[in-house]
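Participant: below is the sequence, then the predicted model.
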Amino acid sequence: MVIAELVDNIWATRKSEKMNGLKLMLAEIHGGSRDGERLIVCDVIGAGIGDRVIITTGSAARRMLDDDDIPIDAAVIGIVDESCESV
Amino acid sequence: MVIAELVDNIWATRKSEKMNGLKLMLAEIHGGSRDGERLIVCDVIGAGIGDRVIITTGSAARRMLDDDDIPIDAAVIGIVDESCESV
Amino acid sequence: MVIAELVDNIWATRKSEKMNGLKLMLAEIHGGSRDGERLIVCDVIGAGIGDRVIITTGSAARRMLDDDDIPIDAAVIGIVDESCESV
Amino acid sequence: MVIAELVDNIWATRKSEKMNGLKLMLAEIHGGSRDGERLIVCDVIGAGIGDRVIITTGSAARRMLDDDDIPIDAAVIGIVDESCESV
Amino acid sequence: MVIAELVDNIWATRKSEKMNGLKLMLAEIHGGSRDGERLIVCDVIGAGIGDRVIITTGSAARRMLDDDDIPIDAAVIGIVDESCESV
């Protein structure tokens, strides 16, 4: 997994029907050698802009949904506690 | 997922039979640390050159088709609204 | 797989229920061209801060758990012996 | 997918039995931020040295074969038409 | 796949039971834009230090074993012939 900051919502009116109702957000990695990398993630746990979140990628992302047919490859699995200062 | 701009169509007359009828496009990532990365994506939602699209990769890409045997690893899942200015 | 050093625990009070009870740690790659890359890994073999560990990624990470529905994409599979000096 | 140029054949007399009879080639990515990256790909559509090909990676590569047990992670899915000048 | 040189054995006395009996080696990529990248690979075909080997990654690596539950994400699938001078 990687830790990234959620920086904005992403809106896509024209999209696959399979994506209906899913919240997508723009995340940016801070620190480490991947600093500045941006990815689009699906959030189903109620994270918001400014949160530092743990993101899982690949087939694991679909495990966050109850439907293996949804075409996402990145999802928020947790929000890092503010007391975690190393990340 | 990543956001990229569709910059051209890709034509391959000689190809696997499994790819018959599928539209392939060249996409280029803008911004972030992957700026300038190019990938070839499959589009089934009617995106066109110049569109900023959300691209899913890996096994998730095959979820955009109704056939898990098609050998694609990247697909367009949505077109970013023009009002989204952060990406 | 990659070898990385475990540098801290990661706490996430707000997280997916599927992640309950799992230990997450911050790992950092030393040496080679990926030097400085950070990733978050799940540990179920009792590794601790300062250990150099072997990390598997992707769908293989879920093989470390007895539940394919848990959304992790990286896990510790072993602790490198101290006598291994090349890594 | 990515586009790369096939630059040589790869010969491996000592290999897994599962790889018997498969043609492997060295491909090199030109242009974009991954310029110069080399990968080894399996070809079953009759591509040759000098061809610019579309390469799929990950589990999708095995979809090019009729056997999901063959341990390849990259395969040629098409040969780019010479008239495609953007890649 | 990628080609890398095997540079050392990796020993991990404390590891997942699923890894018992498997040989792990440190590999390093030479040439191309990934020059210097290190990865840990599983070898079941009898490769040794100094060999240039073809490495498969991701779910394909588990196809080299007869057990899909073993948590590896990289495996040697062949040893490049010495006569191959382009890699």
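Facilitator: Ah, there it is.

Participant: in stretch A:12-29, what counts as buried?
Facilitator: In terms of neighbour count (16 or more other CB atoms under 10 Å in any protein chain shown), stretch A:12-29 has its buried residues at A:12, A:15-16, A:19, A:22, A:24-29. (Each C-beta comes from the backbone N, C-alpha and C, glycine too.)

Participant: straight-line length of that stretch, end to end?
Facilitator: End-to-end distance for stretch A:12-29, by CA to CA, to the nearest Å: 22 Å.

Participant: check stretch A:35-54 too.
Facilitator: Stretch A:35-54: ends 15 Å apart by CA to CA.

Participant: tell me the buried residues in that stretch?
Facilitator: The neighbour-count check on stretch A:35-54 (16+ other CB under 10 Å) flags A:37-43, A:45, A:47, A:51-54 as buried.

Participant: and for stretch A:50-69?
Facilitator: Neighbour counts over stretch A:50-69 (16+ other CB under 10 Å) mark A:51-64 as buried.

Participant: what about chain B: which of those touch it?
Facilitator: Checking the buried residues of stretch A:50-69 against chain B by CB under 8 Å from any CB of the partner chain, the ones in range are A:58-59, A:61-62.

Participant: from these, pick the one nearest residue C:78.
Facilitator: Minimum distance to residue C:78 across these is 21.4 Å, recorded for residue A:58 (CB to CB).

Participant: what distance do you get for the closest one to chain E?
Facilitator: 9 Å (CB to the nearest CB, to the nearest Å).

Participant: was I right to think that residue contacts residue C:61?
Facilitator: No. Look at residue A:58 against residue C:61 with CB atoms under 8 Å: they stay out of range, at 9.2 Å.

Participant: bridged to the residue nearest the centre of chain A, which residues?
Facilitator: Central residue of chain A (CA atoms, centre = their mean): residue A:41, 3.0 Å from the mean position. For residue A:41, the beta-bridge partners are residue A:25 (DSSP bridges).

Participant: before we move on, the earlier item: which one of the ones next to chain B among the buried residues of stretch A:50-69 is nearest residue B:69?
Facilitator: Among those, residue A:59 lies closest to residue B:69 (CB to CB), at 16.9 Å.

Participant: do stretch A:51-68 and chain C meet at all?
Facilitator: Yes. Using CB under 8 Å from any CB, stretch A:51-68 reaches chain C at A:54, A:56-61, A:63-64.

Participant: just the ones of those in helices?
Facilitator: A:59-61 (DSSP state H).

Participant: show me which of those residues is closest to chain C.
Facilitator: Chain C lies nearest to residue A:60 out of those, by CB to the nearest CB, at 4.3 Å.

Participant: for that closest one, what are its contacts?
Facilitator: Neighbour list for residue A:60: A:75, C:58-59, C:61-62, C:71-73 [criterion: CB atoms under 8 Å, 6 or more residues apart in numbering or on different chains].

Participant: using TSV, lay out those together with pLDDT and distance to chain D.
Facilitator: Shown next, in TSV, are the contacts of residue A:60 (pLDDT from 0 to 100; distance: CB to the nearest CB, whole Å):
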residue	pLDDT	distance to chain D
A:75	98	18
C:58	98	9
C:59	98	8
C:61	98	15
C:62	98	14
C:71	98	18
C:72	98	18
C:73	98	13
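
Participant: closest one of the residues you listed to residue D:84?
Facilitator: Set against residue D:84, the nearest of the contacts of residue A:60 by CB to CB is residue C:58 (31.8 Å).

Participant: check contacts around the closest one.
Facilitator: Residues near residue C:58 by CB under 8 Å, 6+ apart: A:58-60, C:73, E:58-59, E:73.

Participant: ok, back up a step: which pair of the residues of stretch A:51-68 next to chain C spans the longest distance?
Facilitator: Spanning the widest gap among these are A:54 and A:59, at 16.8 Å by CB to CB.

Participant: for chain A, what lies in contact range of chain C?
Facilitator: So far as CB under 8 Å from any CB goes, chain A lies against chain C at A:1-3, A:31-34, A:44-47, A:54, A:56-61, A:63-64, A:75, A:77-81, A:83-84, A:86-87.

Participant: in helices, which of these fall?
Facilitator: A:59-61.

Participant: re earlier: narrow the residues of chain A next to chain C to those in strands?
Facilitator: Among the residues of chain A next to chain C, DSSP state E puts A:2-3, A:54, A:56-57, A:75, A:77-79 in strands.

Participant: hang on, the earlier thing: overlap in contacts, residue A:58 and residue C:61.
Facilitator: Common neighbours of residue A:58 and residue C:61, using CB under 8 Å, 6+ apart, are residue C:73.

Participant: any weak-confidence spans in chain A?
Facilitator: Counting by pLDDT under 70, chain A contains no low-confidence residues.

Participant: what do you get if the cut-off is 90, keeping everything else the same?
Facilitator: In the predicted model of chain A, residues A:30-33, A:66, A:84-87 satisfy pLDDT under 90.

Participant: closest one of the residues of stretch A:51-68 next to chain C to residue C:7?
Facilitator: Closest to residue C:7 out of the residues of stretch A:51-68 next to chain C is residue A:54 (15.5 Å), distances taken as CB to CB.

Participant: touching, the closest one and residue A:78? I think so.
Facilitator: Yes. Between residue A:54 and residue A:78 a contact is recorded at 4.5 Å, counting by CB under 8 Å.

Participant: joint contacts of these two?
Facilitator: Joint contacts of residue A:54 and residue A:78 (CB under 8 Å, 6+ apart) are C:12, C:15, C:24.

Participant: with distance to chain E as added columns, please give those residues in TSV.
Facilitator: Putting the shared contacts of residue A:54 and residue A:78 into TSV (distance: CB to the nearest CB, whole Å) gives the following:
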residue	distance to chain E
C:12	23
C:15	22
C:24	17
